[in-house]
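Visitor: this one's sequence-less:
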Ligand SMILES: [Zn+2]
């Protein structure tokens, strides 16, 4: 692990602390949020355990004091250390009902990712075992949260905003109202939106971003950026939303140039500028397929046998 050159935690509002991840919180690390209130609450457990423990210590707590973990969705960079913490704290663990199976077990996790039976399946399995073995273990879920049903920590109220698309269970949180929202994986990164699992939905993702914009937040906290975003948040959300159309356009252009299959489109750097590992080709293919499906539905593209073509009008 390399030394980090930024504070591990910062207070973003009274009683609300951002715990930053490794490597500037980039995937596969992520930020967590600690609410230091009557009910000591951790939102997401993707930050390194050492960062969580340091933050707790600086605030006069230990791991065992955690009363509640809230998981924004089932992805491994968010459920992360929740099982390790539960082992010590035996705390409440809340999830969206649609995320429970993906959180609880490795089998459920694989199913929700849509990895089983894929041509890269054995490579993925090896990757998980060697890089993130803790996700092979079972995780506890003790209860559910629901859209709009506020969760009280004492002084701080957390308001779940169900924002599916990235995954079915993906949920943002209003931190004492909607002025400050934990945007989770509406993450405002340069990469843009990611929807590469069996339980992702491109159209839902667009609607969820629009829903957040309509709440007119002043500050957004991304799971994968070091700092909360207060400067031009709404334009940045709009830009992020526009990525979907830009990717549609790229695909139409590629098809016009004769790139006529999902597999070939996936080699055209439409979503990933480069693949960090060959395994990511699978995510690219899944996401490209979602674009092609919707462009076919819209009458822009058409399948001609096993070839994709632009529909002549
Ligand atoms: Zn995610």
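Guide: Everything's here; your move. Everything quoted here is computed from the prediction, not taken from an experiment.

Visitor: next one: phi and psi at residue 134?
Guide: phi -70, psi -20 (degrees, to the nearest 10).

Visitor: residues in this structure within reach of the ion, list them.
Guide: 75, 185 (C-beta under 5 Å from the ion). The C-beta positions use only the backbone N, C-alpha and C, and glycine is treated the same way.

Visitor: okay, the residue in the chain positioned nearest to the ion and residue 164: tell me how far apart.
Guide: For the chain and the ion, the shortest gap (C-beta to the ion) falls at residue 75, measuring 3.5 Å. Going from residue 75 to residue 164 by C-beta to C-beta, to the nearest Å gives 13 Å.

Visitor: of those two, which one has the most company?
Guide: Taking other C-beta atoms under 10 Å, residue 75 and residue 164 do not tie; residue 75 has more neighbours (30 against 21).

Visitor: is the residue of the chain closest to the ion in contact with residue 168, as I believe?
Guide: No - the pair residue 75 / residue 168 is not scored as a contact, 11.5 Å apart, by C-beta atoms under 8 Å.

Visitor: what ranges do the helices span in the stretch 51-200 of the chain?
Guide: Assigned by DSSP state H, counting those that start in this stretch, the helices in the stretch 51-200 of the chain fall at 76-79, 82-89, 100-104, 106-113, 121-131.

Visitor: low-confidence ranges in the chain?
Guide: Applying pLDDT under 70 to the chain flags the ranges 1-3, 313.

Visitor: make CSV from the helices of the stretch 51-200 of the chain and add distance to residue 209 to it.
Guide: Shown next, in CSV, are the helices of the stretch 51-200 of the chain (distance: least, C-beta to C-beta, whole Å):
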stretch, distance to residue 209
helix 76-79, 18
helix 82-89, 26
helix 100-104, 22
helix 106-113, 21
helix 121-131, 28
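
Visitor: CSV for the ones you listed, including mean neighbour count?
Guide: CSV is the format used below for those (neighbours: other C-beta atoms under 10 Å):
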stretch, mean neighbour count
helix 76-79, 23
helix 82-89, 18
helix 100-104, 22
helix 106-113, 18
helix 121-131, 13
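
Visitor: nearest to residue 42, out of those?
Guide: Between residue 42 and these, the shortest separation by C-beta to C-beta is 7.1 Å, and it involves helix 82-89.

Visitor: from the contact counts, what lies against that closest one?
Guide: helix 49-58, strand 68-70 (3 or more C-beta pairs under 8 Å, 6 or more residues apart in numbering; DSSP states H and E).

Visitor: so which of these is the most packed in?
Guide: Comparing the helices and strands packed on helix 82-89 by mean neighbour count (mean count of other C-beta atoms under 10 Å), strand 68-70 comes out on top with a mean of 24.

Visitor: next helix or strand past the lengthiest helix in the chain?
Guide: For the chain, the longest helix by residue count, based on DSSP state H, is helix 233-256. With elements assigned by DSSP states H and E, the helix or strand that comes after helix 233-256 is helix 262-265.

Visitor: just checking, what packs against that following helix?
Guide: helix 233-256, helix 281-297.

Visitor: buried stuff in that helix?
Guide: 262, 265 (16 or more other C-beta atoms under 10 Å).

Visitor: give me the contacts around it.
Guide: Outside of helix 262-265, the residues within contact range by C-beta atoms under 8 Å, 6 or more residues apart in numbering are 251, 254-255, 259, 285, 288-289, 292, 308.

Visitor: rerun that using 7 Å as the cut-off
Guide: Helix 262-265 is contacted by residues 251, 254, 259, 285, 288-289, 292 when judged by C-beta atoms under 7 Å, 6 or more residues apart in numbering.

Visitor: just the buried members of those?
Guide: Counted by 16+ other C-beta under 10 Å, the contacts of helix 262-265 give 251, 254, 259, 285, 288, 292 as buried.

Visitor: leaving out the residues flanking it, which one is nearest to the first one?
Guide: Counting by C-beta to C-beta, 6 or more residues apart in numbering, residue 251 lies nearest to residue 291, which is 5.2 Å off, once chain neighbours are set aside.

Visitor: noted, bye for now.
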